[in-house]
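> Structural data only, the sequence is not supplied:
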């Protein structure tokens with residue numbers, strides 16, 4: 001067993017180096033809804049039927065359960081042509097006032113029970129190979145299914161294209177082996193601030209808050225109260241910018257919040273009715289020193305397909 005990390009980048013178990021050297025990513029030229037992928041099923045759980053006597057819960061959309069991609073589907077997805085530029089954002093406004101209008105409502109996944117937080121995502125990242133004085137950069141598409149219990153035990157299944165030497169990695173972790181704070185993501189704003197500090201100290205500025213939240217949310221499934229605390233943390237952090245409607249790589253429209261430092265922009269796309277994290281993007285707004293790039297480009301993108309819970313981390 002090897003240690004896993006809760007950073008928004010591939011872990012040290014991979015020979016992939018996610019660098020600030022930007023890659024040719026961006027929004028799909030034609031955005032569509034999340035496809036009805038077939039293959040190995042995800043967590044074999046469905047949300048209970050909403051009660052007719054519970055109008056709040058009945059208003060929540062069903063919890064999605066996208067299946068894992070087959071090797072052929074992952075290859076086809078990786079070969080889709082992408083716009084290399086960062087996501088276009090509407091004019092920004094300070095998040096402190098604008099996020100007041102964002103309502104954190106119930107999610108269909110809130111009713112799913114289970115010991116494990118289950119997160120299913122796709123990630124586009126750079127793979128840089130250095131041979132002598134030559135550096136070759138390509139884009140690697142990862143699919144990850146993550147199970148994490150409150151005691152920091154869990155399981156990660158990772159597939160990638162191009163496949164490399166190990167196209168699929170399936171690792172199990174004992175209690176305490178997964179990084180990050182023990183327990184679920186905090187639902188209290190003060191406790192959540194402490195969790196953020198444990199991953200990306202808040203005194204480093206607004207970009208640290210966004211990076212800290214991605215690190216936490218990449219491995220945990222927040223309930224409605226915790227999602228409210230997340231929006232509170234974003235709203236109360238000076239330097240966080242709010243943007244209007246923003247579309248992710250699955251064609252879902254959310255609201256964007258961003259922070260920029262050293263010409264690196266960190267963007268979250270949130271569901272405007274539930275506050276759930278839809279996507280995360282890191283973009284270099286100017287080419288890094290020594291790069292042959294000529295304009296702003298994305299170097300890391302996470303598309304979160306679902307945050308839910310599962311009773312076990314059994315084969316999916």
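Arrived safely, thanks for sending. Predicted model only: the values in this text are computed from it and were never measured.

> So in terms of bridging, what pairs with residue 145?
Beta-bridge pairing of residue 145 under DSSP bridges involves residue 120, residue 157.

> same thing with residue 178?
Here residue 178, judged by DSSP bridges, has bridge partners residue 4.

> Which pLDDT value goes with it?
With respect to pLDDT, residue 178 scores 95.

> same thing with residue 211?
Reported pLDDT for residue 211: 96.

> Provide the secondary structure category for it.
The three-state assignment at residue 211 reads helix, by DSSP: H, G, I helix; E, B strand; the rest coil.

> Isn't it up against residue 200?
Yes: shown here, residue 211 and residue 200 form a contact pair, counting by C-beta atoms under 8 Å, at 4.6 Å. Glycine gets a C-beta too; all of them are placed from N, C-alpha and C.

> Confirm residue 208 sits in a strand?
No: counting by three-state DSSP, one finds residue 208 to be helix, located in no strand.

> my guess is it contacts residue 193, does it?
No: counting by C-beta under 8 Å, residue 193 is not a contact partner of residue 208; they are 11.4 Å apart.

> Tell me, please, the helix or strand in the chain that averages the lowest pLDDT.
In the chain, no helix or strand scores lower on mean pLDDT, DSSP states H and E than helix 55-58, which sits at a mean of 41.

> After it, which helix or strand is next?
helix 71-78 (DSSP states H and E).

> Quickly run through the sheet partners of whatever helix or strand comes next after that next one, with directions.
Following helix 71-78 in sequence order, the next helix or strand is strand 93-94 (DSSP H and E). Paired neighbours of strand 93-94 in the sheet (DSSP bridges): strand 241-247 (antiparallel).

> where do the contact lists of residue 208 and residue 193 overlap?
residue 202 (C-beta atoms under 8 Å, 6 or more residues apart in numbering).

> helix/strand/coil for residue 151?
Residue 151 ends up coil, using three-state DSSP.

> tally of neighbours for the residue lying closest to residue 104 once chain neighbours are set aside?
Closest residue to residue 104 apart from its sequence neighbours, by C-beta to C-beta, 6 or more residues apart in numbering: residue 275 at 4.0 Å. Neighbour count for residue 275, taken as other C-beta atoms under 10 Å: 24.

> element containing residue 275?
Residue-wise, residue 275 maps onto no helix or strand under DSSP H and E.

> Residue 191 too?
helix 189-199.

> tell me what that helix is packed against?
With contacts defined as 3 or more C-beta pairs under 8 Å, 6 or more residues apart in numbering; DSSP states H and E, the packing partners of helix 189-199 are helix 206-217, helix 224-235.

> Distance from the chain centre to it, please.
Its chain's C-alpha centre and that of helix 189-199 lie 18 Å apart, by C-alpha atoms, centre = their mean, to the nearest Å.

> mean confidence for it?
Per-residue scores along helix 189-199 average to 92.

> Where does pLDDT dip in the stretch 1-150 of the chain?
Applying pLDDT under 70 to the stretch 1-150 of the chain flags residues 1-59, 128, 131, 133-136.

> make it 50
Along the stretch 1-150 of the chain, segments meeting pLDDT under 50 span 2, 7-42, 44-58.

> roughly how far apart are residue 77 and residue 68?
Distance of residue 77 to residue 68, given as C-beta to C-beta, to the nearest Å: 12 Å.
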